[in-house]
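**Q** 3D, please:
(2 chains)
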Amino acid sequence: NAGVTQTPKFQVLKTGQSMTLQCAQDMNHNSMYWYRQDPGMGLRLIYYSASEGTTDKGEVPNGYNVSRLNKREFSLRLESAAPSQTSVYFCASGLAGGLFSTDTQYFGPGTRLTVL
Amino acid sequence: AQSVTQLDSHVSVSEGTPVLLRCNYSSSYSPSLFWYVQHPNKGLQLLLKYTSAATLVKGINGFEAEFKKSETSFHLTKPSAHMSDAAEYFCVVSDLKGKLIFGQGTELSVKP
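**A** Alright, predicted model coming up:
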């Protein structure tokens, strides 16, 4: 039982390049989330998926797209990377999602992305 | 809208002394509150959560937090710090749709 896994662990891009961050969970969770972490700002929600087949914008969605490929996998795509997207990206999953505000989220180890 | 404020960006304690990490929240309804810990270069791990049951919540590794509605606070405490407690701690509130809203984080340093 690996929990939440993310690939890659590290990535360096040039401005304008594209890439996809991969996330998978093996806990049969319904909801999945993408966050970015910047110094002094905590974690901010980029996109989330309350259930398979649905996605919604979070606090900072500009410059990103997501795909909920199936119940296990939730990918984050940067179509044209910018230096402002240099950050640490975390994927998380939760059992219930949606209106269940007591749901605990379980986090992956993160991807450190640098955009030059 | 829900929000959290962590009152200290950095706290330093000596090993064996008490830990207090302060968090105030703002919510228009009875919130769900969490504390997560992040060790260097690691993901986040849930320490404890409050979901309107007992106001004193016990978590892992000897941590606990008390929900005080009158003070809109959810401070994290531990009686005796260990070196392994050095990490960043996040106070988090959940909105009605189950989305998490994070505080800015408090870095805890533990001196030998």
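
**Q** show me the contacts for the spatially most central residue of chain A.
**A** The residue lying closest to the centre of chain A (Cα atoms, centre = their mean) is A:Trp34, at 2.4 Å. By Cβ atoms under 8 Å, 6 or more residues apart in numbering or on different chains, A:Trp34 lies in contact with A:21, A:23, A:45-48, A:58, A:64, A:66, A:74, A:76, A:89-92. In short, each C-beta sits where N, CA and C put it, glycine included.

**Q** Tell me the spacing between whichever residue of chain A sits closest to chain B and A:Gln25.
**A** Closest residue of chain A to chain B, Cβ to the nearest Cβ: A:Gly42 (3.5 Å). A:Gly42 sits 22 Å away from A:Gln25, going by Cβ to Cβ, to the nearest Å.

**Q** What residues sit buried inside the helix or strand where B:Leu108 lies?
**A** Using DSSP states H and E, B:Leu108 falls within strand B:106-111. Buried residues in strand B:106-111, counted by 16 or more other Cβ atoms under 10 Å in any protein chain shown: B:106, B:108, B:110.

**Q** Please, where are all the strands along the chain?
**A** All of this is about chain A. Counting by DSSP state E, residue ranges of the strands within chain A are A:4-7, A:10-13, A:19-25, A:31-37, A:43-49, A:56-57, A:64-68, A:74-78, A:87-94, A:105-107, A:111-115.

**Q** Switch to chain B, please.
**A** B:3-6, B:10-14, B:19-21, B:23-26, B:32-38, B:44-50, B:56-58, B:64-68, B:73-78, B:87-94, B:100-102, B:106-111.

**Q** quick one, which of those is nearest to A:Gly108?
**A** strand B:44-50 (9.2 Å; Cβ to Cβ).

**Q** That closest one and chain A in contact?
**A** Yes - residues of strand B:44-50 contacting chain A under Cβ under 8 Å from any Cβ of the partner chain: B:44-46, B:49.
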